[in-house]
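Student: Build me a model from this:
(chains A and B)
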There are 2 protein chains.
Amino acid sequence: MSAATNHHIAVIGGTGPAGMGLALRWARAGETIIIGSRDAARAGQAAEIIRQRVGANAQVSGMENAAACAAAELLMFTVPFAGQAALLKELKPAIPPGSILIDATVPLAASVGGRATRTLGVWQGSAAQQTAELVGKGVSVVAAFHNVSADLLNGNDDIDCDVVVCSDDPKATEAAMELATKIPRVRAIDGGKLENARIVEQITALLIGLNIRHKGHGGIRVTGLPETAYRVGPRS
Amino acid sequence: MSAATNHHIAVIGGTGPAGMGLALRWARAGETIIIGSRDAARAGQAAEIIRQRVGANAQVSGMENAAACAAAELLMFTVPFAGQAALLKELKPAIPPGSILIDATVPLAASVGGRATRTLGVWQGSAAQQTAELVGKGVSVVAAFHNVSADLLNGNDDIDCDVVVCSDDPKATEAAMELATKIPRVRAIDGGKLENARIVEQITALLIGLNIRHKGHGGIRVTGLPETAYRVGPRS
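Tutor: So this is what the prediction gives:
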């Protein structure tokens, strides 16, 4: 196990499949995790499930979303696009200035009753840029973890996937890259500015289509870059 | 070397880097290639360069674009987005009904003086769908080869990249998948409908950004699908 980042990480939307999977993987890596939910009791139950899987040493608790935001320096948002903007407006006062917010949201057309293989156009360019606009300048937004299968995150195996990280704040990029490499075999790649998130978000819709067509748990690897482009974690 | 497809393949825009690279790889695999260009003399020179690299047995010739279209059943379009629509309108009468047109065009913002790391919105959804509208119903359009580095295609090494193929015509998908696997180590994946090309096209802009940032020749591999999802060619 690698050294923990010493961040308190709030996983907002942490009772959903993607949030549970990330919380599980990071708790296993020794991180301190706060599961956030609208319902503190549900958050506590989710934390208990993770504790049972990881073991008694797991640092994981559950809180209502606003309390989770206030208690953490690092916020991981894994909420459906349909409710994301309203939730961000509601939680904005609870997010401490200087926080890093990692956004994995994909604007799937399923958000409005359409298909999960198609996306909606977001005025700002991407869900992540909408998030950045909503939280304001005091919070650093970084887009990451869109393309990692939630099913695989909730399993125990190494994951054959790269995480492309996009942000306008190098410190936020660094934090997300470090967390990505806590997941065994995942590599992190600096994908440049936050605006590039629009492409990384779209890839998820393509992967969902491939999963339906071919019955898999698709991910991506970026090939052809020099070794220095890939941040790798310790092997499990 | 694997068996050739017995198609005559016209590479329209075949004097550019992507077209030259694909023509080189397919000529090596024993395919019959017609390089298309506005200028028959330039097309002939490009064909000669490929013949010198592949050897005297290479089946490769050069023709003016319309003649190349008329002489082939399989058309590979590797033209810049800026000139694609006008060229398609011009060539439409020369494209035989029943042809398969493989489109690798990416609507980069560079087409209008912007960045190659950004894309333009195309009214039809993607460059490939614009192509389909322009050529009409008698021609089957398939989108493929967007994400394979032109630099690597023009080299001699195996290529660590998957080709996601999108079309509404299964025969066109089949033809493009077969040609993809003629490139050593490339795998082909059925990416579903032509409308999905919009995401595959965008990935190229992301890869261009990664290439600039990290100084590489980026490609993608799709992970996590069952073996049956990947079409692989013979090993070189």
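Student: for residue A:62, helix, strand, or coil?
Tutor: Secondary structure, DSSP: H, G, I helix; E, B strand; the rest coil: residue A:62 is strand.
Student: Count the neighbours of it for me.
Tutor: 28 (other C-beta atoms under 10 Å in any protein chain shown). Every residue, glycine included, has its C-beta placed from N, CA and C.
Student: State whether it and residue A:34 are indeed in contact, as I suppose.
Tutor: Yes. In this structure residue A:62 lies within contact range of residue A:34 using C-beta atoms under 8 Å: 7.2 Å.
Student: anything in contact with each of those two?
Tutor: residue A:14 (C-beta atoms under 8 Å, 6 or more residues apart in numbering or on different chains).
Student: interface residues of chain A facing chain B?
Tutor: Residues of chain A found near chain B (C-beta under 8 Å from any C-beta of the partner chain) are A:117-118, A:149, A:152, A:160-161, A:164, A:189-192, A:195-196, A:198-200, A:202-203, A:205-207, A:209-211, A:213-226, A:228-229.
Student: Go through the biggest helix by length in chain A and flag the buried ones.
Tutor: In chain A, assigned by DSSP state H, the helix with the most residues is helix A:197-214. Buried residues in helix A:197-214, counted by 16 or more other C-beta atoms under 10 Å in any protein chain shown: A:197-211, A:213-214.
Student: what do you get for stretch A:144-160?
Tutor: So stretch A:144-160, judged by 16+ other C-beta under 10 Å, has buried residues A:144, A:145, A:146, A:147, A:148, A:149, A:150, A:152, A:153, A:154, A:159, A:160.
Student: Pull up the gap between residue A:182 and residue A:145, please.
Tutor: Distance, residue A:182 to residue A:145, using C-beta to C-beta, to the nearest Å: 11 Å.
Student: meant to ask about residue A:181
Tutor: Counting by C-beta to C-beta, the gap from residue A:181 to residue A:145 is 12 Å.
Student: Same check on residue A:15?
Tutor: Counting by C-beta to C-beta - residue A:15 and residue A:145 are separated by 17 Å.
Student: Burial check on residue A:22, number of neighbours?
Tutor: Neighbourhood size, residue A:22 [other C-beta under 10 Å]: 28.
Student: and it, that one's in a helix?
Tutor: Yes. Counting by three-state DSSP, residue A:22 is located in a helix.
Student: got the residue ranges for the strands in chain A?
Tutor: For chain A, strands defined by DSSP state E occupy the ranges A:8-12, A:32-37, A:59-64, A:74-77, A:100-103, A:140-143, A:162-167, A:187-190, A:219-223, A:230-232.
Student: Take these and write them to CSV, including mean pLDDT.
Tutor: Converted to CSV, those look like this (pLDDT from 0 to 100):
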stretch, mean pLDDT
strand A:8-12, 97
strand A:32-37, 98
strand A:59-64, 98
strand A:74-77, 98
strand A:100-103, 98
strand A:140-143, 98
strand A:162-167, 98
strand A:187-190, 98
strand A:219-223, 98
strand A:230-232, 96
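Student: Make TSV from the ones you listed and add distance to residue B:128 to it.
Tutor: Output for those, formatted as TSV (distance: least, C-beta to C-beta, whole Å):
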stretch	distance to residue B:128
strand A:8-12	38
strand A:32-37	41
strand A:59-64	46
strand A:74-77	33
strand A:100-103	29
strand A:140-143	26
strand A:162-167	23
strand A:187-190	27
strand A:219-223	20
strand A:230-232	31
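Student: between the ones you listed, which one is nearest to residue B:52?
Tutor: Closest to residue B:52 of these, according to C-beta to C-beta: strand A:219-223, at 29.1 Å.
Student: Adjacent strands (with direction) for that closest one?
Tutor: Using DSSP bridges, strand A:219-223 pairs in its sheet with strand B:219-223 (antiparallel).
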